[in-house]
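Got a sequence here, can you model it:
(chains A and B)
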Protein chains: 2
Amino acid sequence: MPSDLGLVTGFQCVSCGREYPPDGALYTCPSCGLDGILDTRYDYDAVRRLLTRDRLEADSRHSHWRYLPLLPISERARLPLLPVGWTPIHDMTPLAQQFGLRAVYLKDEGRNPTASLKDRASSVGVVKAVQRGSSEITCASTGNAASSLAGQAVQMGLRAYIFLPAKVSESKLAQILIYGATVFKVRGTYEDAFRISMAAAERWGWYNRNSGINPILVEGKKTAGLEIAEQLRWEPPDVVVVPVGDGCTLAGIYKGLREMNLLGLTSRTPRVIGVQAAGASPIEKAFRTGTTMRAEPSQTIADGIAVGMPRNWRKALNAVRESGGTFVTVSDDEILDAMRMLARVTGIWGEPAAVACVAALAHLVERGDIGRSDRVLLMITGTGLKDIPSTLRAAGGALEIDPSLEAVERIMAREPHLAARRDK
Amino acid sequence: MPSDLGLVTGFQCVSCGREYPPDGALYTCPSCGLDGILDTRYDYDAVRRLLTRDRLEADSRHSHWRYLPLLPISERARLPLLPVGWTPIHDMTPLAQQFGLRAVYLKDEGRNPTASLKDRASSVGVVKAVQRGSSEITCASTGNAASSLAGQAVQMGLRAYIFLPAKVSESKLAQILIYGATVFKVRGTYEDAFRISMAAAERWGWYNRNSGINPILVEGKKTAGLEIAEQLRWEPPDVVVVPVGDGCTLAGIYKGLREMNLLGLTSRTPRVIGVQAAGASPIEKAFRTGTTMRAEPSQTIADGIAVGMPRNWRKALNAVRESGGTFVTVSDDEILDAMRMLARVTGIWGEPAAVACVAALAHLVERGDIGRSDRVLLMITGTGLKDIPSTLRAAGGALEIDPSLEAVERIMAREPHLAARRDK
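Residues are numbered from 1 along each chain as shown, chains lettered A, B, ... in the order given. Prediction:
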């Protein structure tokens, strides 16, 4: 077994089920093509000996590298310097009370180095690229995957080539550019950007970080699931709610939660619930109607989950079905309301895709998909600082005044609610 | 001694030297007025018994509340939920090599709950406001002080009234608004906003979070200095470089470093160096010319240190002189260059005020203020996500292309440096 994959024993196609030996050059299943997403398999007996509760509790690395035996990376790999993962989980009593639930936890992925969950995948991607001898890496993205890749690539001395659709958040674009990535802004859709990035990777031999086809990336994302189990002291929540665009993040988190159970470190695996934006919900439709996924145009302010043609839909559907979870959709207005409410009740300001989980809570309670006795964890996948225009839409405006106390007095007299306690 | 001040024994005016007993209602020195900034004094014998190396090393609270005995807060105070402080310190070998120094450390304050160092002060401010029975709190700010106050206030159920000058970063404004603060945008300067916020606090009895007059706030900032000593295993660096606007942050960090020495936990106190923007450098001028501080109009892209009339200049001058440090100025262009360089060499993207420290390094080496044998720590006071327009100025642009591989090929052929390894 090639040592650069650590304890990986092979890959299995989630479409046709065929198994492949650990081979560095493999992206998708040779038989199924782009539809044949691979799943990484490990020698769990060997992992079990390395990742025990005692060893983990004694591990002082407060980053996701504490789970190296469960990553497709060898022990001696060079790692990026800035710590990724081990983001805080907050027990939010006010939210639990508001929704009548036993507990609501938030996992704040905005505390990652580039302020989103995508650092988990990108950090694994850049390590693997270096191990493979690449000095270039590429991806297509609507934002966080690219900005995290740019931020992780500089730490490893890699050059990043980023393909963006024409419509992209200014904050994310600025973040990608400041890291010195070469940015191609494609006059077209995300699909166009994805297609060109795939062709360019082939043409120039760049390492391909597209999580839609590279099975290594989802392994990075799964560390969020591993952490949930460990950080809640081996008592995972009953439900984990995850925003879903491509499906890769949900599939990854479920895999992490499942592996903790497989290793005997937890006694059960939570139900996993996927949240899609109403304007980009092909996976939710496939789940609800019991059919195969059909691509659709996407239309939502939540750019992080605005995916009309997801690549990992099969993995996401499998995860939700296997765990006894469900899918739900939320409107853009509900997302903006949730952003405002979450910030004002908890102090955590998430970007639209992140707070889609929060917006989903009311629906899930009403539908009976979660109930009074449930401990529910919401994945807050990125910070609100990533989307200022949506925040300004959600937040309301400032009061412009002339520079005098009298100007303040006039407003306070005219709008007495300003002097009353904040309503939530 | 009123129990809500913990181990505080009194306050001393930094201007006239007069001492006052611990009295909750005190902001500035009654004799000196706004010029009479107070310094908080503690019963260090009592603190020494509580804060030992052993006790600190066994303390699992990874936040600045681990230093409660050195804060003007009683043991039983209700604290905000989201952890403040204990931000990572990174040992950046590439920077040390670039500048020919023994070590360069970055303390990444962007990892705080609202992504800046100001959370340290605001979190102490909101705790104190609640202890004093206030349900409202106010400040004037050019950005981070206000956005951190807004984010900390919601966690304590306080209503925040924010006074901003007309010119304010859109990201910071959005952050303040999403937390539901009442925002008065004053048609005028920061000085106007400060004056009105002072008058409004008086008029409506709001708790006053302006660190320019409230001695409690600088105590929150000093935890950054306490952490530097502890996180570097009681071997503080030789030099700590801090961006300076009002002077309060530098004074606070120095106080923390000094107290660690006073408590016998470290064997020396670093030199503290203040960095001002060339377009807003009244404290640097006072230091250089040995005169008193004279207010000046401010003009710099670094909004976090764009203070023409600093309130804490005396504390900052004292700290720099006492520690054997110095002041230095940097231009806006140097700041933008430093933002780009830092992101590309280390993966850390700071806002203009934050990277002013980095911009100062070359000057300090050239002037001989720091040298080969020095271990230097730079305070990266806030994330680059807070200032997108400056980032876009620093970063360069994207390459717009038609949706085809040929379009990429044409650009790669035309600009061969794009295919070469990144130059830094």
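
where are the low-confidence patches of chain A?
In the predicted model of chain A, residues A:1-3, A:24-25, A:420-424 satisfy pLDDT under 70.

Strands of that one, start to end?
Secondary structure of chain A by DSSP state E: the strands cover A:8-13, A:19-20, A:38-42, A:89-91, A:103-108, A:136-140, A:159-165, A:182-186, A:207-208, A:239-243, A:271-277, A:327-330, A:375-380, A:399-401.

got the residues of the stretch 301-424 of chain A near chain B?
Selection of the stretch 301-424 of chain A residues close to chain B by C-beta under 8 Å from any C-beta of the partner chain yields A:339-340, A:343-349, A:383-386, A:388, A:391-392, A:394-405, A:407-409, A:411-412, A:418-419, A:421-422, A:424. No exception for glycine: its C-beta is placed from N, CA and C like everyone else's.

Of these, select the buried ones using a ChimeraX command.
Buried members of these, defined by 16 or more other C-beta atoms under 10 Å in any protein chain shown, are picked up in ChimeraX with:
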select /A:339,340,343,344,345,346,347,348,349,383,384,385,386,388,391,392,394,395,398,401,403,404,405,407,408,411,412,418,422
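
How about the residues of the stretch 101-250 of chain A by chain B?
Near chain B, when you scan the stretch 101-250 of chain A using C-beta under 8 Å from any C-beta, you find A:111, A:113-115, A:135, A:151-152, A:154-155, A:157, A:159, A:164, A:170-171, A:173-175, A:177-180, A:182-188, A:192-193, A:195-196, A:199-200, A:203-204.

sorry, back to before: now go through the residues of the stretch 301-424 of chain A next to chain B and say which are in helices.
A:339-340, A:343-346, A:388, A:391-392, A:394-395, A:405, A:407-409, A:411-412 (DSSP state H).

so A:Gly325 sits right up against A:Arg271, yeah?
Yes. Counting by C-beta atoms under 8 Å, A:Arg271 is a contact partner of A:Gly325 at 4.2 Å.

overlap in contacts of those two?
A:Val239 (C-beta atoms under 8 Å, 6 or more residues apart in numbering or on different chains).

if we can go back for a sec, Throw the strands of chain A into TSV and include distance to A:Gly220, thanks.
Converted to TSV, these look like this (distance: least, C-beta to C-beta, whole Å):
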stretch	distance to A:Gly220
strand A:8-13	14
strand A:19-20	20
strand A:38-42	11
strand A:89-91	19
strand A:103-108	15
strand A:136-140	13
strand A:159-165	16
strand A:182-186	22
strand A:207-208	14
strand A:239-243	15
strand A:271-277	18
strand A:327-330	23
strand A:375-380	15
strand A:399-401	45
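
Between the ones you listed, which one is closest to B:Tyr67.
strand A:89-91 (21.4 Å; C-beta to C-beta).

The closest one and chain B, are they touching?
Yes. Using C-beta under 8 Å from any C-beta, strand A:89-91 reaches chain B at A:His90.

Of all the residues in that strand, which ones are buried?
Of the residues in strand A:89-91, those buried (16+ other C-beta under 10 Å) are A:Ile89, A:His90.

Now do the helices in the stretch 101-250 of chain A.
A:118-131, A:144-156, A:170-178, A:190-204, A:215-221, A:223-231, A:248-262 (DSSP state H, counting those that start in this stretch).

Please dump these into a markdown table; it should also carry mean neighbour count and distance to A:Leu68 for every row.
Formatted as a markdown table, these follow (neighbours: other C-beta atoms under 10 Å in any protein chain shown; distance: least, C-beta to C-beta, whole Å):
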| stretch | mean neighbour count | distance to A:Leu68 |
| --- | --- | --- |
| helix A:118-131 | 28 | 10 |
| helix A:144-156 | 30 | 16 |
| helix A:170-178 | 25 | 27 |
| helix A:190-204 | 20 | 26 |
| helix A:215-221 | 27 | 11 |
| helix A:223-231 | 24 | 10 |
| helix A:248-262 | 26 | 14 |
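
So which of those is nearest A:Leu38?
helix A:215-221 (4.0 Å).

how much distance is there from that closest one to the middle of the chain?
Remark: helix A:215-221 is offset 11 Å from the chain centroid, using C-alpha atoms, centre = their mean, to the nearest Å.

helices or strands up against it?
Helix A:215-221 is packed against strand A:38-42, helix A:118-131, helix A:248-262, with contacts defined by 3 or more C-beta pairs under 8 Å, 6 or more residues apart in numbering or on different chains; DSSP states H and E.

How many residues are close by the nearest residue to A:Arg111 once chain neighbours are set aside?
What sits nearest to A:Arg111 in space, not counting adjacent residues and going by C-beta to C-beta, 6 or more residues apart in numbering or on different chains, is A:Thr87, at 4.7 Å. Neighbour count for A:Thr87, taken as other C-beta atoms under 10 Å in any protein chain shown: 23.

ok, A:Thr87 - contacts?
Contacts of A:Thr87 by C-beta under 8 Å, 6+ apart are A:Lys107, A:Asp108, A:Glu109, A:Gly110, A:Arg111, A:Asn112, A:Ala224, A:Glu227.
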